[in-house]
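> Build the 3D model from these lines:
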Amino acid sequence: MNAKLLAAVAALGLLSACSGEAASESAAAQAKASVSGAGATFPAPLYAKWAEAYRTEGDVAVNYQPVGSGDGIKQIEAGKVDFGASDRPLQPEELDKNGLYQFPTVIGGVVPVVNLPGIQPGQVKLTGAVLGDIYLGKLEKWNAPEIVALNPGLTLPNLRITPVHRSDASGTSFLFTSYLAMKNPAWSAKVGASDSVTWPAGISGQGNEGVASSVQVAPGSIGYVEYAFAKQTRAIHVLLQNSAGAYPQPSARSFAAAALGADWAHAPGNYLLLLDQAGAPSWPITGATFILLPKNKADAAKRATVLQFFDWAYRNGDQAAGRLDYVPLPQSIKERMRQQWASTITANGKPVYTIAP
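Down below sits the predicted model:
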């Protein structure tokens, strides 16, 4: 495969199954080669922007289905796709078991969103402990004393709370439930942290878009979504108390503040969580999103094509990431990942992709 071919990744159908299939069929008919991926909905808006901008660079089709992190992990482990995407980083032993490697692309945040008449974005304040009690079903009304105490001067409705959660195995759920487990002992004991849990209360939605849609139509509801979806749907977000006792606004700035202390150099397998980080500006539910690749068993040319695309995104995708309130990785971390690609993603003991000087 020539350099021009490897540099081209195009025609990405991301945000719905039907449009994804149509784009995939059209691109496949025109492309000389293709790669497929599946997984996290968390970075889907950004991956769509990257693919759109990259589309004119060549004639390779990248077909990505945002089916949730859990399904993405299953598909890459089964060899059904060329790359997976997950907001739940895999532990080193899980990567080794399946011959996989993971690397981060960007950093983002998960935010609670509500449907409360008369309430404006950022007016309601919650702690992690109270949020956990809401999702446990222990707090049933918005004017419960525990919520009122956090919001002096704000008139909260006598409205039943309907928690909304993901129906699919989701890295967004992993980050959210991990945060609740850190802040609410009862949640930790009864439910725990995972990409798929037994939810004690509420209703479900498929993907970030499903949760956002369910919240929009159900008065009194509360859900959790990746911040780009909250912005796109103009959802009413809640402020969360962080480890410093502050209530920062969710934004690229507060996600970046949480990522400041990220120590990738001492993160085996690039396994790293960014929850409830120190500092008054830090958003408490922050996390990286990851790409999963086989180390040496899959088609070398296809793995090279995948790396070529994400190398292009590392070089050219920061502006698009910022516009959607994702946080680009620091240059030093991008260089660390490129070095890992050369030493880890191999065929017959040789790297499948090397970075041009």
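
> phi, psi of the residue most central in space within the chain?
By C-alpha atoms, centre = their mean, the chain has its centre lying nearest to F42, at 3.2 Å. For F42, the backbone dihedrals (degrees, to the nearest 10) come out as phi -50, psi -50.

> and it, what is it in contact with?
Shown in contact with F42 (C-beta atoms under 8 Å, 6 or more residues apart in numbering): S69, D87, G108, V110, G171, T172, N208, E226, T289. The way it works is simple: take the backbone N, C-alpha and C, and place the C-beta from them, glycine included.

> Go again with 6 Å.
D87, G171, T172, E226, T289 (C-beta atoms under 6 Å, 6 or more residues apart in numbering).

> where does the third one land in three-state SS?
Of the three states, T172 takes helix according to DSSP: H, G, I helix; E, B strand; the rest coil.

> cool, and the last one?
The local conformation at T289, judged by three-state DSSP, is strand.

> So it versus N158, what's the distance?
39 Å (C-beta to C-beta, to the nearest Å).

> still on that earlier bit, are any of the contacts of F42 buried, and which?
Neighbour-count burial (16 or more other C-beta atoms under 10 Å) is assigned, among the contacts of F42, to D87, G171, T172, E226, T289.

> Make JSON lines out of those residues and add distance to T127.
Shown next, in JSON lines, are the buried ones among the contacts of F42 (distance: C-beta to C-beta, whole Å):
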{"residue": "D87", "distance to T127": "23"}
{"residue": "G171", "distance to T127": "23"}
{"residue": "T172", "distance to T127": "20"}
{"residue": "E226", "distance to T127": "21"}
{"residue": "T289", "distance to T127": "26"}
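
> Quickly name whichever of these is closest to K141.
T172 (26.2 Å; C-beta to C-beta).

> Looking at the closest one now. What's its pLDDT?
Per-residue pLDDT puts T172 at 93.

> What of N2?
pLDDT, read off for N2, is 37.

> With T56 instead?
pLDDT, T56: 70.

> And for S19?
As predicted, S19 sits at a pLDDT of 38.

> Centre of the chain to stretch 330-339, how far?
Using C-alpha atoms, centre = their mean, to the nearest Å, the mean C-alpha position of stretch 330-339 is found 20 Å from that of the whole chain.

> Pull the residues that contact that stretch.
F103, W264, Y314, I355.

> go again using 8 Å as the cut-off
F103, P104, A262, W264, A265, N270, D311, Y314, L329, I355.

> And the last one, how far from Y54?
If I follow you right, that is I355. In terms of C-beta to C-beta, I355 sits 17 Å off from Y54.

> So those two - more neighbours on which side?
Y54 (22 against 15; other C-beta atoms under 10 Å).

> is it true that the more buried one touches D311?
No: look at Y54 against D311 with C-beta atoms under 8 Å: they stay out of range, at 11.1 Å.

> any shared contact partners between the two?
With contacts defined as C-beta under 8 Å, 6+ apart, no residue is shared by Y54 and D311.

> residue ranges of the helices in the stretch 251-357 of the chain, please?
252-259, 300-316, 318-323, 331-344 (DSSP state H, counting those that start in this stretch).

> correction: the stretch 51-200 of the chain
69-77, 92-97, 128-136, 145-150, 171-183, 185-190.

> closest to I119 out of the ones you listed?
helix 145-150 (11.8 Å).

> which residues make contact with that closest one from outside it?
Contacts of helix 145-150 (C-beta under 8 Å, 6+ apart): V124, K125, L126, T127, V130, D133, L139, L156, Q241.

> The second one pairs with what?
This points to K125. L239 (DSSP bridges).

> wouldn't it be in contact with G245 here?
No: counting by C-beta under 8 Å, K125 does not reach G245; the two are 11.3 Å apart.

> which one of those two has more residues nearby?
Taking neighbours as other C-beta under 10 Å, K125 and G245 compare with K125 leading, 16 against 8.

> Per-residue pLDDT of the more buried one, please?
At K125, pLDDT is 98.

> With the one 3 residues further on instead?
We note a pLDDT of 98 for G128 in this prediction.

> how many other residues sit next to it?
G128: 22 neighbours (other C-beta under 10 Å).

> Then the one 4 residues further on?
Other residues near G132 come to 25 when the count uses other C-beta under 10 Å.

> For the nearest residue to it once chain neighbours are set aside, which residues are in contact?
Nearest residue to G132 in three dimensions, chain neighbours excluded: N184, at 2.8 Å (C-beta to C-beta, 6 or more residues apart in numbering). Neighbour list for N184: G128, A129, L131, G132, D133, L136 [criterion: C-beta under 8 Å, 6+ apart].

> how much space between N184 and K80?
For N184 relative to K80 (C-beta to C-beta), the value is 37 Å.

> Could you do W187 as well?
From W187 to K80 the distance is 34 Å (C-beta to C-beta).

> Tell me which of these two has more neighbours.
W187 (25 against 12).

> pretty sure that one is touching K138, no?
No: if you go by C-beta under 8 Å, W187 and K138 don't touch, sitting 9.9 Å apart.

> Need the per-residue pLDDT for the residue nearest to G132.
So, for N184, pLDDT stands at 98.

> Please report the distance of it from A278.
Counting by C-beta to C-beta - N184 and A278 are separated by 20 Å.

> quick one: P248 from G37, how far?
33 Å.

> Comparing those two, which shows the higher neighbour count?
When P248 and G37 are compared for neighbours, G37 comes out ahead with 24 against 21, by other C-beta under 10 Å.

> Which elements pack onto the host helix or strand of that one?
Per DSSP states H and E: G37 is located in strand 33-39. Using 3 or more C-beta pairs under 8 Å, 6 or more residues apart in numbering; DSSP states H and E as the contact test, the elements touching strand 33-39 are strand 60-65, helix 69-77, strand 83-86, helix 300-316.
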